[in-house]
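S.K.: after the sequence you'll find the predicted model.
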Amino acid sequence: MWIYITRRLLWLPALLLMVSAVTFVLGTYGPGDPVRVMLGTKYDEETADRLRSSLGLDRPVIVQYADYISGAIRGDFGESLRYRGRSVGSLLASKMWVSFQVNLAAMVVSLSIGLPLGFFIAHKQGTWVDPAAVSLTLILMSIPIMVSIPIVLWGLCLKLSLVPCSGWGGFFDLRIIVPAITMGIPGVAGLARLMRASTLDVFGQDFIRTARAKGLSERYIDVRHVLRNAIIPVVTILSFSLAGMLTTGFITERLLGIPGVGDFAIQAIFNRDYPVIMAFTLILSSAFVVANLLADIAYSLIDPRIRLS
């Protein structure tokens, strides 16, 4: 296992180098000029040239890229072009921490409801519960978040006055309930459908029929054999969800006034704030690679038939 992990980690620098190069080239040669965005209506060629020189944007592209990579290796992602005097690392750290808390709450909702619900639906195959539950999950997955947020706000905030309507107060603040529900509901539906399909597939395996032929109780079979094998496909979804916990949806943050990284990243794109865009891309790429590695390790721990080599 350790050889496999080491080999995967050795690929990480090469992968991040390729991602950073593509992002840097797209940002440099793409449409728009960060200097023009920064100056706005005060733009003139002489002022723009001075600002471009002070930012180092008049240097050769390869020199700019080399300087950025050397700083990124040390954990220094440079200074934001939009928020002068503020380091990109400090800006992203505070925004990503907010997004992480929101996604953690949504994941708790999805896991605590979706997995047991899918397992329960699978046991009700052949009854009216199965098609009714599957239809309900399909409906929940089809509701856009810009529709579900107003509905939840109307019910919990305006009608019942249980939670504040918007803003952010931390993980243990009541205002986290609305984003947790609106972001967690699609996850509940998706996990329930996935868990149902995986459980039904395990029910048809020979070792389950053998266990029942031996006279083992259904509870023991469910816990010891069915659940352990049915959870394997879910690990893949959870690994990518784990990486995605560093960012939240732009729409959710805008509608609920959450100072997360999603809205911040969109603003960075519109403002041509390339250091922020580069750092955000590199961090997310690293998170997805590490999450994929953790998923592979989890496979080997859950299913003894899988060996990493």
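M.R.: Nice, I can see it.

S.K.: now do the helix or strand where Asp296 lies: which elements does it pack against?
M.R.: Using DSSP states H and E, Asp296 sits in helix 274-302. The elements that helix 274-302 packs onto, with contact taken as 3 or more CB pairs under 8 Å, 6 or more residues apart in numbering; DSSP states H and E, are helix 2-29, helix 61-73, helix 88-123, helix 232-243, helix 261-270. (Each C-beta comes from the backbone N, C-alpha and C, glycine too.)

S.K.: just put those in CSV and tack on mean pLDDT.
M.R.: CSV is the format used below for the helices and strands packed on helix 274-302 (pLDDT from 0 to 100):
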stretch, mean pLDDT
helix 2-29, 76
helix 61-73, 83
helix 88-123, 89
helix 232-243, 77
helix 261-270, 83
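
S.K.: angle of the helix holding Asp296 against helix 88-123?
M.R.: Our comparison of helix 274-302 with helix 88-123, counting by axes from the mean of the first three to the mean of the last three CA atoms, to 10 degrees, yields an angle of 40 degrees.

S.K.: ok, Leu293 touching Arg8?
M.R.: Yes. Under the criterion of CB atoms under 8 Å, Leu293 makes contact with Arg8 at 5.2 Å.

S.K.: please report the distance of the nearest residue to Ala122 once chain neighbours are set aside from Gln125.
M.R.: Here the nearest residue to Ala122 in space, its sequence neighbours aside, is Thr199; by CB to CB, 6 or more residues apart in numbering that works out to 3.6 Å. When CB to CB, to the nearest Å is applied, the distance between Thr199 and Gln125 equals 9 Å.

S.K.: again, but for Leu15
M.R.: Distance check for Leu15 against Gln125: by CB to CB, it reads 42 Å.

S.K.: what's near enough to touch Ile177?
M.R.: Listed by CB atoms under 8 Å, 6 or more residues apart in numbering, the contact partners of Ile177 are Leu156, Leu162, Val163.

S.K.: OK, contacts around the second one?
M.R.: The contact partners of Leu162, taken as CB under 8 Å, 6+ apart, are Leu156, Leu174, Ile177.

S.K.: how much space separates Ile69 from Thr23?
M.R.: Distance, Ile69 to Thr23, by CB to CB: 12 Å.

S.K.: can you tell which of the helices and strands packed on helix 274-302 is closest to Leu39?
M.R.: Distances from Leu39 to each of the helices and strands packed on helix 274-302 were compared using CB to CB; the minimum, 15.1 Å, belongs to helix 261-270.

S.K.: just want the angle from the closest one to helix 88-123.
M.R.: Orientation note: helix 261-270 sits at an angle of 130 degrees relative to helix 88-123 (the same axes, to 10 degrees).

S.K.: quick one: helix 261-270 to chain centroid distance?
M.R.: Averaging C-alpha coordinates over helix 261-270 and over its chain gives two centres that are 15 Å apart (CA atoms, centre = their mean, to the nearest Å).

S.K.: hmm, who's touching that helix?
M.R.: Counting by CB under 8 Å, 6+ apart, helix 261-270 makes contact with 37, 82, 91-92, 95-96, 98-99, 246-250, 252-254, 273, 276-277, 280, all of which sit outside it.

S.K.: drop anything exposed from those residues.
M.R.: Taking 16 or more other CB atoms under 10 Å as the criterion, what is buried in the contacts of helix 261-270 is 82, 91-92, 95-96, 98-99, 246-250, 252-253, 273, 276-277, 280.

S.K.: count of neighbours near Leu200?
M.R.: For Leu200, the neighbour count with other CB atoms under 10 Å is 17.
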